[in-house]
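A.B. asks: How does the following fold in three dimensions:
(one chain, ligands or ions: 1)
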Amino acid sequence: MRKLAKLTSILFVFVFLGMQFVPTATTPKTSATAGARMAEVINPQVGAILDRSCQDCHSSRTAWPWYSRVAPVSWIVSKHVSEGREMLDFSEWANQPHSTDERMLICDAVSDGRMPLPEYTVMHRNAKLSKRDVELICGWAAAPISGTR
Ligand code: HEC
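C.D. replies: Okay, here's the model as predicted:
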């Protein structure tokens, strides 16, 4: 029985090590300092909330903590970031105007608690949105667009 336990753990170690070689090349690994902060691009108060709670998945400004580089977590994180950026990429906002529809989509997603993803806020407690944060985001979303702000 002890021998079996030992063999099993050795097998796990090898599988775990093997997993580290599976590539997750779907995402360009840009870092947290790539591009403009939302606080500089839109209303600074709302921008700061989006920078804090959304930029890891919805912009090029992604911070990659050590565990995000370890499989199988890296597979999940990489998928979230690729899909997140595809849906909504704040890094594009600095160069081209965004629509009222996009703002309303953001308000919807934060109002019903879909965003930020719950898997994310487990590890990033400060990304959780307060009621006040949601009110600020939705107030901004409903206001008429002036320029790109
Ligand atoms: C951990 C990564 C992650 C974080 C953090 C995150 N998102 Fe997302 N977001 C995704 C992914 C993945 C999708 C696409 C799949 C889906 O809709 O669940 C998405 C989709 C969206 C969509 C479009 C589709 C929908 O569900 O309405 C909006 C809008 C959105 N996110 C807004 C936000 C906002 C605003 C924040 C910050 C308050 C945020 N997200 C934080 C990963 C993330």
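A.B. asks: alpha carbons only for contacts and neighbour counts from here, please
C.D. replies: Noted.
A.B. asks: Need the residue closest to the centroid of the protein.
C.D. replies: Among the residues of the chain, residue 57 comes closest to the average C-alpha position under C-alpha atoms, centre = their mean, at 2.3 Å.
A.B. asks: what does the chain put close to the ligand?
C.D. replies: 50, 53-54, 56-57, 80-81, 83-84, 87, 105-106, 109-110, 115-117, 120 (C-alpha under 6 Å from any ligand atom).
A.B. asks: in this protein, which ranges drop under the pLDDT threshold?
C.D. replies: Screening the chain residue by residue with the criterion pLDDT under 70, one finds the ranges 25-26, 146-149.
A.B. asks: mind listing the helices for it?
C.D. replies: Taking DSSP state H to define them, one finds helices in the chain at 2-19, 38-41, 44-53, 55-58, 73-87, 100-111, 118-123, 131-142.
A.B. asks: buried subset of the residues of the chain next to the ligand?
C.D. replies: In terms of neighbour count (16 or more other C-alpha atoms under 10 Å), the buried residues within the residues of the chain next to the ligand are 50, 53-54, 56-57, 80-81, 83-84, 106, 110, 115-117, 120.
A.B. asks: All set now, cheers.
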